[in-house]
Every structure is written in C-alpha cells, then in structure tokens.
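# Sequence below, structure please.
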Amino acid sequence: MTIRSTTVLAVLRDGRGAMASDGQVTLGNTIAKHGASKVRPLFKGRVLAGFAGGAADGLTLFEKFEGHLERYRGHLRRATVELAREWRSDRILRKLEAMMVVMDRKDIFIVSGNGDIIESDDKVAAIGSGGPYALAAARALLRNTGLDAAEVCRRSLEIAGEICIYTNDRVTLLELEPVADDHRED
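Model (predicted):
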C-alpha cells in the first residue's frame, strides 16, 4: 500500500522519544492545508501515535487504538496487536486507507490494515510518502551526531520536506520523556 501526502517519523534515543509529522494536506495535486496535525499523544501522554493516509481514516484508527490502550492499560505491544487484528478482520475497517506508527519509551511499531506489525530494529521508524527520506536522514543524524530524539525528528522532517513534494516544513513535534511514577509492568 502506498500512502502519499505526509511524513511521520518516530525516534527513541537515550530514554527519550519523539514523533513528528509535517502538516501538508493534498487533494490530488493541490495543497489544501499547510498545518494539519497527524500525530497525537495517547494514554496520558505515555504513547505517541501518528498516521499517514486519509484524515477520517486516521482519526478512526486513533480512536480504536486508544480504546485498545485503555483495555490493556497502556501495554503498547498488546494494544498494537489487537488493533492490527481488528483492522484486518473488520469488514469496514479493512477499507481504511492509512498506516500508523505508534511508540512508547521502549518500542516503535508500524501498523497497517493488512495485519502487518513492523517493530523497529534501530529505534527509528517512518511512514508516508516522505517516510524513506526522513528515515534516511534520521539514521544519519543518529549515527553521526549527539542530537536528542526531538532534534533528530525536527531536522529529519526538514530534510524530507526539501525532497518530497508531499511533505512541507510545518512540523508538529511531540516528545515522550521518562516518567518518574511510571512503574507499570510490561
């Protein structure tokens, strides 16, 4: 499935996490909006989620995923598996044209409606038409600089915006920081 018109990037580094997206919304070959937000915090700010694809489809997935997070008390892996299972098996959800990237302070997953759950090997993942550009930039920055997760996200999205015509420079950036009272068991 090829999802166009956005870039979402997630990065974990040194116990901190960040997720960023560009703000461009396109209708065909026309830019319809510059400052859309495609990422959001979930489960009391302990999980971040972003989507690429249709806005209504993405919002539906946020709601479904948030329900699974509540059901499994913030356990990212279990909630992700249940979302993928429901997304693939439900007749209506199966028609959604979107992808998601979800993360907590330990893991990052890419989720699709085909039932795919891809766990990041190197604590960085990206989706959307500008995803490969942002991913390459993030990997280079992670390997060659000491930048924190948030700055890697910001700079990588800026680089992707210079290359991908479906990605702009209006970055929405969210951060996860270690929480002192977070003692839930995984």
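
# partners of whichever strand or helix holds Ala126 in the sheet?
According to DSSP states H and E, Ala126 maps onto strand 124-127. Here strand 124-127 has these sheet partners by DSSP bridges: strand 8-13 (antiparallel).

# Show me which positions of the strand it pairs with end up buried.
Within strand 8-13, the residues that count as buried by 16 or more other C-beta atoms under 10 Å are Val8, Leu9, Ala10, Val11, Leu12, Arg13. For the C-beta atoms, the positions are set from N, CA and C on the backbone; glycine is no exception.

# Quick check: the closest residue to Ala52 other than its chain neighbours vs Asp148, distance?
Leaving aside its sequence neighbours, Ala52 sits nearest to Gly128 (C-beta to C-beta, 6 or more residues apart in numbering; 3.5 Å). From Gly128 across to Asp148, the span is 23 Å (C-beta to C-beta, to the nearest Å).

# Tell me which of those two has more neighbours.
Each of Gly128 and Asp148 has its neighbours counted (other C-beta atoms under 10 Å); Gly128 has more, 30 against 15.

# Could I get the contacting residues of Asn168?
Counting by C-beta atoms under 8 Å, 6 or more residues apart in numbering, Asn168 touches Asp22, Gly23, Gln24, Ile31, His34, Gly161.

# try 6 Å
Asp22, Gly23, Gln24, His34, Gly161 (C-beta atoms under 6 Å, 6 or more residues apart in numbering).

# swap in Val171?
Ala20, Arg154, Leu157.

# Next up, identify which helix or strand Gly50 is on.
Using DSSP H and E, Gly50 falls in strand 47-53.

# Could you find the closest non-adjacent residue to Leu76?
Asp104 (4.5 Å).

# Flag every buried residue along the lowest-mean-pLDDT helix or strand in the chain.
The helix or strand of the chain with the poorest confidence is strand 25-27; it has a mean of 82 (mean pLDDT, DSSP states H and E). Going by neighbour count (16+ other C-beta under 10 Å), the buried part of strand 25-27 is Val25, Thr26.

# now swap in stretch 138-147 and tell me
For stretch 138-147, the neighbour count (16+ other C-beta under 10 Å) marks Ala138, Arg139, Leu141, Leu142, Leu147 as buried.

# between those residues, which is closest to Ile92?
Nearest to Ile92 among the buried residues of stretch 138-147: Ala138, at 34.2 Å, using C-beta to C-beta.

# what's the helix or strand where the closest one lies packed up against?
Assigned by DSSP H and E, Ala138 falls within helix 131-144. Using 3 or more C-beta pairs under 6 Å, 6 or more residues apart in numbering; DSSP states H and E, the elements in contact with helix 131-144 are strand 8-13, strand 124-127, helix 149-163.
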